[in-house]
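Undergrad: need a structure here:
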Amino acid sequence: MKRVDRIIDAFLDMPERRLVVVSGGSDEARLRKRAGRARNIVFTGWVGDGALRELLGRCIATLYIPVDEDFGISPVESMAAGKPVIGVREGGLRETVVHGSTGWLLDPRLETGDVIAAVRACTPGRAQAMRAACEQRSLLFSDEVFETKLRATLERVAVAKSRRARAFTKGPVDLAHA
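TA: Numbering: from 1, shown residues only. Okay, here's the model as predicted:
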(Lines give C-alpha, C1' and ligand atoms only; values in the text may rest on other atoms or scores of the structure.)
Protein backbone atom coordinates (compact mmCIF):
# COMPACT_ATOMS: atom_id res chain seq x y z
CA MET A 1 0.00 0.00 0.00
CA LYS A 2 1.50 3.31 -1.09
CA ARG A 3 -0.82 5.67 0.85
CA VAL A 4 -1.14 8.00 -2.15
CA ASP A 5 -4.65 8.79 -0.92
CA ARG A 6 -3.15 10.52 2.15
CA ILE A 7 -0.86 12.56 -0.08
CA ILE A 8 -3.81 13.61 -2.22
CA ASP A 9 -5.82 14.57 0.88
CA ALA A 10 -2.91 16.73 2.06
CA PHE A 11 -2.67 18.54 -1.28
CA LEU A 12 -6.43 19.09 -1.36
CA ASP A 13 -5.80 21.17 1.78
CA MET A 14 -2.82 22.97 0.15
CA PRO A 15 -4.10 24.44 -3.13
CA GLU A 16 -1.01 26.66 -3.25
CA ARG A 17 1.23 23.58 -3.65
CA ARG A 18 1.37 21.37 -6.73
CA LEU A 19 1.35 17.57 -6.64
CA VAL A 20 2.34 15.48 -9.65
CA VAL A 21 1.38 11.82 -9.21
CA VAL A 22 3.75 9.79 -11.39
CA SER A 23 2.34 6.29 -11.44
CA GLY A 24 -0.53 4.23 -12.69
CA GLY A 25 -1.99 0.93 -11.72
CA SER A 26 -5.23 -0.42 -10.39
CA ASP A 27 -5.78 2.45 -7.92
CA GLU A 28 -5.38 5.26 -10.45
CA ALA A 29 -9.11 5.72 -11.21
CA ARG A 30 -9.97 5.77 -7.49
CA LEU A 31 -7.20 8.26 -6.77
CA ARG A 32 -8.22 10.52 -9.66
CA LYS A 33 -11.76 10.52 -8.32
CA ARG A 34 -10.47 11.39 -4.85
CA ALA A 35 -8.52 14.35 -6.27
CA GLY A 36 -11.62 15.51 -8.11
CA ARG A 37 -11.07 18.70 -10.07
CA ALA A 38 -8.27 20.02 -7.90
CA ARG A 39 -6.14 22.19 -10.18
CA ASN A 40 -3.01 21.59 -8.10
CA ILE A 41 -3.05 17.78 -8.52
CA VAL A 42 -1.87 16.30 -11.82
CA PHE A 43 -1.71 12.62 -12.80
CA THR A 44 0.81 11.57 -15.46
CA GLY A 45 0.29 7.81 -15.42
CA TRP A 46 3.43 5.76 -16.07
CA VAL A 47 6.18 7.73 -17.80
CA GLY A 48 9.43 6.78 -19.51
CA ASP A 49 12.88 7.31 -18.05
CA GLY A 50 13.45 10.60 -19.89
CA ALA A 51 10.16 12.11 -18.72
CA LEU A 52 10.82 10.88 -15.18
CA ARG A 53 14.26 12.53 -15.16
CA GLU A 54 12.68 15.77 -16.37
CA LEU A 55 10.01 15.66 -13.67
CA LEU A 56 12.63 14.94 -10.99
CA GLY A 57 14.74 17.79 -12.26
CA ARG A 58 11.88 20.28 -11.90
CA CYS A 59 10.40 19.16 -8.59
CA ILE A 60 11.25 20.49 -5.14
CA ALA A 61 11.04 17.09 -3.42
CA THR A 62 9.41 13.68 -3.75
CA LEU A 63 6.88 12.02 -1.48
CA TYR A 64 7.17 8.29 -0.84
CA ILE A 65 5.14 6.87 2.03
CA PRO A 66 4.47 3.17 1.42
CA VAL A 67 3.63 0.81 4.25
CA ASP A 68 6.81 -0.94 5.47
CA GLU A 69 8.41 -1.40 2.04
CA ASP A 70 11.72 -3.29 2.18
CA PHE A 71 13.62 -1.08 -0.26
CA GLY A 72 12.30 1.46 -2.68
CA ILE A 73 14.46 2.70 -5.53
CA SER A 74 12.38 5.88 -5.94
CA PRO A 75 13.87 7.64 -2.88
CA VAL A 76 17.41 6.83 -4.02
CA GLU A 77 16.65 8.11 -7.53
CA SER A 78 15.22 11.27 -6.01
CA MET A 79 18.32 11.87 -3.89
CA ALA A 80 20.57 11.15 -6.89
CA ALA A 81 18.75 14.02 -8.62
CA GLY A 82 19.52 16.19 -5.58
CA LYS A 83 15.94 16.16 -4.31
CA PRO A 84 14.98 15.48 -0.69
CA VAL A 85 12.43 12.79 0.13
CA ILE A 86 9.40 13.08 2.36
CA GLY A 87 8.97 9.51 3.51
CA VAL A 88 7.80 7.37 6.37
CA ARG A 89 10.02 6.06 9.18
CA GLU A 90 9.70 2.35 8.45
CA GLY A 91 11.05 -0.27 6.10
CA GLY A 92 13.93 0.56 3.78
CA LEU A 93 13.42 4.31 4.12
CA ARG A 94 15.03 4.15 7.57
CA GLU A 95 18.24 3.12 5.79
CA THR A 96 18.09 5.33 2.72
CA VAL A 97 16.75 8.69 3.98
CA VAL A 98 18.46 10.64 6.77
CA HIS A 99 15.86 12.71 8.61
CA GLY A 100 16.67 16.41 8.44
CA SER A 101 19.60 15.90 6.08
CA THR A 102 18.23 14.21 2.95
CA GLY A 103 14.54 14.58 3.71
CA TRP A 104 11.92 14.04 6.36
CA LEU A 105 10.80 10.75 7.89
CA LEU A 106 7.25 10.82 9.21
CA ASP A 107 5.68 8.65 11.88
CA PRO A 108 4.25 5.42 10.37
CA ARG A 109 0.84 6.23 11.90
CA LEU A 110 0.87 9.25 9.65
CA GLU A 111 -2.03 11.62 9.38
CA THR A 112 -2.78 14.09 6.60
CA GLY A 113 -1.54 16.90 8.86
CA ASP A 114 1.88 15.24 9.08
CA VAL A 115 2.21 15.28 5.30
CA ILE A 116 1.07 18.92 5.16
CA ALA A 117 3.63 19.95 7.81
CA ALA A 118 6.48 18.18 5.98
CA VAL A 119 5.54 19.64 2.59
CA ARG A 120 5.35 23.13 4.07
CA ALA A 121 8.73 22.62 5.80
CA CYS A 122 10.23 21.69 2.44
CA THR A 123 10.64 25.14 0.98
CA PRO A 124 12.62 25.55 -2.24
CA GLY A 125 15.50 27.09 -0.24
CA ARG A 126 15.57 24.25 2.28
CA ALA A 127 15.42 21.64 -0.49
CA GLN A 128 18.30 23.36 -2.30
CA ALA A 129 20.34 23.36 0.93
CA MET A 130 19.87 19.56 1.13
CA ARG A 131 20.98 18.96 -2.47
CA ALA A 132 24.61 18.01 -1.82
CA ALA A 133 23.70 15.69 1.07
CA CYS A 134 21.07 14.00 -1.10
CA GLU A 135 23.48 13.42 -3.97
CA GLN A 136 26.18 12.13 -1.62
CA ARG A 137 23.77 9.79 0.19
CA SER A 138 22.54 8.29 -3.06
CA LEU A 139 26.07 7.16 -3.89
CA LEU A 140 25.91 4.67 -1.01
CA PHE A 141 23.34 2.76 -3.05
CA SER A 142 25.09 2.87 -6.43
CA ASP A 143 25.81 -0.22 -8.53
CA GLU A 144 29.53 0.20 -7.85
CA VAL A 145 29.11 0.25 -4.07
CA PHE A 146 26.75 -2.74 -4.25
CA GLU A 147 29.21 -4.73 -6.36
CA THR A 148 32.14 -3.86 -4.06
CA LYS A 149 30.20 -4.91 -0.95
CA LEU A 150 28.98 -8.09 -2.64
CA ARG A 151 32.52 -9.07 -3.69
CA ALA A 152 33.84 -8.42 -0.17
CA THR A 153 31.07 -10.55 1.32
CA LEU A 154 31.68 -13.38 -1.14
CA GLU A 155 35.42 -13.28 -0.38
CA ARG A 156 34.73 -13.47 3.39
CA VAL A 157 32.41 -16.44 2.83
CA ALA A 158 34.98 -18.19 0.64
CA VAL A 159 37.74 -17.67 3.22
CA ALA A 160 35.52 -18.92 6.05
CA LYS A 161 34.49 -21.95 4.01
CA SER A 162 38.11 -22.71 3.19
CA ARG A 163 39.07 -22.52 6.88
CA ARG A 164 36.24 -24.86 7.87
CA ALA A 165 37.23 -27.30 5.13
CA ARG A 166 40.89 -27.30 6.31
CA ALA A 167 39.86 -27.79 9.93
CA PHE A 168 37.63 -30.69 8.95
CA THR A 169 40.33 -32.45 6.96
CA LYS A 170 43.19 -32.13 9.48
CA GLY A 171 42.83 -35.74 10.45
CA PRO A 172 40.69 -38.20 12.37
CA VAL A 173 39.35 -37.24 15.74
CA ASP A 174 39.38 -39.82 18.52
CA LEU A 175 35.89 -39.26 19.93
CA ALA A 176 36.48 -41.73 22.74
CA HIS A 177 39.19 -39.49 24.22
CA ALA A 178 37.82 -36.09 23.15
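
Undergrad: report the central residue of this structure.
TA: Centroid check for the chain by Cα atoms, centre = their mean gives P75 as the closest residue, at 3.0 Å.

Undergrad: if I pick it, what's in contact with it?
TA: T62, Y64, V85, G87, L93, T96, V97, G103 (Cβ atoms under 8 Å, 6 or more residues apart in numbering). Every C-beta, even on glycine, is put in place using the N, C-alpha and C of the backbone.

Undergrad: bridging residues for the third one?
TA: If I follow you right, that is V85. Beta-bridge partners for V85, by DSSP bridges, are T62, G103.

Undergrad: and it, how many residues sit next to it?
TA: By other Cβ atoms under 10 Å, 28 other residues sit near V85.

Undergrad: the last one now?
TA: When neighbours are defined as other Cβ under 10 Å, G103 has 30 of them.

Undergrad: list the contacts of it.
TA: Counting by Cβ under 8 Å, 6+ apart, G103 makes contact with A61, P75, M79, P84, V85, I86, G87, V97, M130, C134.

Undergrad: nearest to D9, of those residues?
TA: I86 (14.4 Å; Cβ to Cβ).

Undergrad: didn't the closest one look like it was pressed against V115?
TA: Yes. In terms of Cβ atoms under 8 Å, I86 counts as a neighbour of V115; the distance is 7.2 Å.

Undergrad: so what sits against both of the two?
TA: Counting by Cβ under 8 Å, 6+ apart, the common neighbours of I86 and V115 are L63, I65, L106.

Undergrad: please tell me I have it right and the second one contacts G87.
TA: Yes. The pair I65 and G87 qualifies as a contact (Cβ under 8 Å) at a distance of 6.1 Å.

Undergrad: hang on, the earlier thing: output the contacts of G103 as a markdown table; include the columns pLDDT and distance to R156.
TA: Formatted as a markdown table, these follow (pLDDT from 0 to 100; distance: Cβ to Cβ, whole Å):
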| residue | pLDDT | distance to R156 |
| --- | --- | --- |
| A61 | 98 | 38 |
| P75 | 96 | 29 |
| M79 | 97 | 29 |
| P84 | 98 | 35 |
| V85 | 98 | 32 |
| I86 | 98 | 37 |
| G87 | 97 | 32 |
| V97 | 97 | 28 |
| M130 | 98 | 35 |
| C134 | 98 | 31 |
